[in-house]
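**Q** model the structure of this input:
(one chain, ligands or ions: 1)
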Amino acid sequence: MKKTIRDIDVKGKKVIARCDFNVPMQEGRITDDTRIRAALPTIEYLLEHDAALILMSHMGRPKGEPKMEFTLAPVAERLSEYLKKEVKFKSSPTVVDDEVKKMAAELKPGEVMLLENVRFRKEETENDPGFAKELASLAELFVQEAFGTAHRAHASTAGIADYLPAVSGFLIEKEVKFLGSAVEDPKRPFVAIMGGAKVGDKIPVIRNLISRVDTLIIGGGMAYTFYKAMGLEIGTSILDADNVGLAGELMKQAEEAGVKMLLPVDVVCAAAFENDAETVTVDRDKMPADMMGMDIGPKSAELFAEEIGKAATVVWNGPMGVFEMPNFAEGTKKVAEALAASDAITVIGGGDSAAAVEQFGLADKMTHISTGGGASLEFLEGKTLPGIAVIQDK
Ligand code: AMP
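**A** This is a model prediction of the structure:
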């Protein structure tokens with residue numbers, strides 16, 4: 001178990017917290033502030049418990065230079081509105097300078113300031129000890145609250161913990177609790193659902209999960225690489241030709257491990273990669289040579305839903321079809337509904353499945369929706385995330 005902000009006394013302490021304020025921007029305006037709102041419980045807790053709070057984050061890719069289109073000034077402003085108090089901010093091209101140091105030194109309990117975009121310094125992504133030390137020098141305690149970058153060893157996500165004791169904020173606590181226990185100690189039956197287009201990205205996850213799950217469901221564009229390995233006609237469907245052999249091996253591994261592996265039994269095929277293309281729905285051994293698979297068919301959706309209904313833990317990563325097109329969203333929607341209706345612990349890996357669940361208005365029916373796409377995949381791969389590894393154990 002990792003230490004959290006609840007396990008330590010922050011009263012009167014200078015606390016530096018790494019948040020994920022990497023919000024989408026358009027012409028200097030924040031277009032979606034979900035990530036800012038997500039960090040509020042931790043920020044409010046720290047302020048209510050009389051910490052003097054220094055916040056830091058990256059935004060976009062300024063590539064180690066102080067490019068003002070990536071300034072965190074709008075974030076400071078938005079945070080001030082939510083917190084109903086001033087969030088002090090000094091846009092320093094070097095992130096930390098004498099003025100920033102003075103500001104941090106004079107910060108009182110219950111007050112809060114935000115540093116400039118840590119990626120204004122190239123030393124950030126290099127995990128440079130000098131920069132990590134500069135950041136650490138501002139505070140007495142480090143709070144890790146940025147799951148989206150926890151799989152990166154950067155100065156503000158990992159290096160800083162060489163100089164300060166590190167604990168997790170509430171967001172990280174939740175990610176570790178649900179993703180961690182799903183992988184390490186799941187309530188059974190444990191069903192994992194993998195989808196999306198890129199087989200290559202998901203192979204390490206499938207490999208790690210095969211030894212842990214009771215059932216592995218594979219849908220989405222990935223399924224056709226497995227079909228190919230089974231010798232089925234896949235028409236013009238998306239194919240990861242380099243990984244056909246590996247798909248076959250994974251099926252064999254699952255069989256040897258006594259894991260039930262379910263692939264779609266029917267397919268919604270389209271004549272072109274377009275929402276309004278002509279479609280046919282066929283059993284998987286009848287895919288027309290001149291069409292492409294765009295979604296799982298209704299029999300598959302029912303089969304998957306039935307399996308989800310029997311599960312005690314479900315982890316889902318990747319859509320079942322091209323859900324961005326309404327005509328091919330049905331399979332993904334059915335799976336999302338099955339998860340929403342189940343009593344199981346339901347964990348949604350970040351990225352597209354999280355977007356799909358939001359799109360269908362089912363987000364609040366899930367136990368946990370991970371906020372980090374890459375980070376949650378690495379977690380499911382069983383990798384140690386540098387930003388989590390540095391947090392002290394209880
Ligand atoms: P990934 O990044 O690997 O999780 O893939 C997500 C993307 O896979 C989404 O944008 C989906 O539209 C896409 N996808 C899902 N099913 C299919 C399919 N049958 N053919 C092509 N793309 C698909």
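**Q** use CA for all of it now, contacts and neighbours both
**A** Will do.
**Q** how many residues are close by the residue nearest to residue 126 when sequence neighbours are not counted?
**A** Take residue 126 and drop its neighbours on the chain: the residue closest to it by C-alpha to C-alpha, 6 or more residues apart in numbering is residue 154, 6.2 Å away. Residue 154 has 24 neighbours, counted by other C-alpha atoms under 10 Å.
**Q** tell me the contacts of residue 154?
**A** By C-alpha atoms under 8 Å, 6 or more residues apart in numbering, the residues touching residue 154 are 124-128.
**Q** who wins for most neighbours among the residues you listed?
**A** Most surrounded of the contacts of residue 154: other C-alpha under 10 Å gives residue 124, at 24 neighbours.
**Q** now do the same for it: helix, strand or coil?
**A** coil (DSSP: H, G, I helix; E, B strand; the rest coil).
**Q** test my guess that it contacts residue 131.
**A** Yes - applying C-alpha atoms under 8 Å as the test, residue 124 and residue 131 come out as touching, 6.9 Å apart.
**Q** any common contacting residues for these two?
**A** Both residue 124 and residue 131 are in contact with residue 155, where contact means C-alpha under 8 Å, 6+ apart.
**Q** quick one: buried residues of stretch 329-346?
**A** 329-340, 342-346 (16 or more other C-alpha atoms under 10 Å).
**Q** can you pick out the most distant pair from the contacts of residue 154?
**A** 125 and 128 (7.7 Å; C-alpha to C-alpha).
**Q** what residues do the two have in common as contacts?
**A** What both residue 125 and residue 128 touch, as defined by C-alpha under 8 Å, 6+ apart, is the set 154-155.
**Q** what sits against the closest residue to residue 122 other than its chain neighbours?
**A** Distances taken as C-alpha to C-alpha, 6+ apart place residue 64 nearest to residue 122, at 3.6 Å, with adjacent residues excluded. Neighbouring residues of residue 64 by C-alpha under 8 Å, 6+ apart: 119-124.
**Q** phi, psi for residue 64 please.
**A** phi 80, psi 10 (degrees, to the nearest 10).
**Q** what does residue 217 give?
**A** phi -100, psi 130.
**Q** quick check: bridge partners of it?
**A** Applying DSSP bridges to residue 217 gives these bridge partners: residue 193, residue 262.
**Q** help me confirm that residue 198 comes into contact with residue 220.
**A** No - using C-alpha under 8 Å, residue 198 is not in contact with residue 220, being 9.4 Å away.
**Q** who has more neighbours out of those two?
**A** residue 220 (28 against 16).
**Q** would you mind giving both backbone torsions of the closest residue to the more buried one other than its chain neighbours?
**A** Closest residue to residue 220 apart from its sequence neighbours, by C-alpha to C-alpha, 6+ apart: residue 320 at 3.8 Å. The phi/psi pair for residue 320 (degrees, to the nearest 10) reads phi -80, psi -20.
**Q** what's near enough to touch residue 320?
**A** Counted by C-alpha under 8 Å, 6+ apart, residue 320 has contacts 195-196, 219-221, 295-296, 329, 331-332, 335.
**Q** intersect those residues with the contacts of the ligand.
**A** 196, 220-221, 295 (C-alpha under 6 Å from any ligand atom).
**Q** so which of those residues sits lowest on pLDDT?
**A** Comparing pLDDT over those, the lowest score belongs to residue 196 (93).
**Q** which helix or strand contains that residue?
**A** Applying DSSP states H and E as the criterion places residue 196 outside every helix and strand.
**Q** quick one: which of the ones next to the ligand among the contacts of residue 320 sit in strands?
**A** Using DSSP state E, the members of those that fall within strands are residue 295.
**Q** just the helices in the stretch 201-350 of the chain please.
**A** 223-229, 244-256, 298-309, 330-341 (DSSP state H, counting those that start in this stretch).
**Q** can you list the residues of this structure near the ligand?
**A** 196-198, 220-221, 238, 293-295, 318-324, 352.
**Q** now list the buried members of the residues you listed.
**A** 196-198, 220-221, 238, 293-295, 318-323, 352.
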